[in-house]
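> here are the coordinates; sequence isn't available:
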């Protein structure tokens, strides 16, 4: 009977494997938006919370930003500071005053994007 055997390379020190096992979860820029509808009417306002891992090294601070349809600039609506393992809770309050697709994003301290979503706003 043939058997399949999986082995790690013997030249890789175990300490490096343990370090990788610890750091790999920190590399993911995962997060979840709360209280944010998929569609909303013009003139509505929503409190938005985002919780997630922002960054492994430089993500001790992150902000939540919005961009209105047709706009070229982003507006910061909330910010937060990392906690344990880089997790960051960012409360924000968004008011939709124009119809179209609004973009909401989280930006890490180093300017890198962690997560974004859109909300379709109708008249």
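Nice, thanks for sending it over. Here the structure is a predicted model, which is why all the values come from computation and not from measurement.
> remind me which residues of this protein are low pLDDT?
Applying pLDDT under 70 to the chain picks out residues 1-29, 54-60, 82-86, 110-112.
> let's see it at 80
Low-confidence segments of the chain (pLDDT under 80): 1-30, 52-61, 81-88, 108-114.
> now the helices for it?
All helices of the chain, identified by DSSP state H, fall at 14-27.
> Now do the strands in it.
31-34, 39-41, 45-53, 61-67, 75-81, 87-95, 100-108, 113-122 (DSSP state E).
> Quick one: neighbours of residue 75, just the number.
Residue 75 is flanked by 12 other residues according to other C-beta atoms under 10 Å. For glycine as for every other residue, the C-beta is placed from the backbone atoms N, C-alpha and C.
> now residue 34
12.
> Distance check, the nearest residue to it once chain neighbours are set aside against residue 32.
Spatial nearest neighbour of residue 34, chain neighbours left out: residue 49 (4.3 Å); criterion: C-beta to C-beta, 6 or more residues apart in numbering. Between residue 49 and residue 32 the distance is 9 Å, computed by C-beta to C-beta, to the nearest Å.
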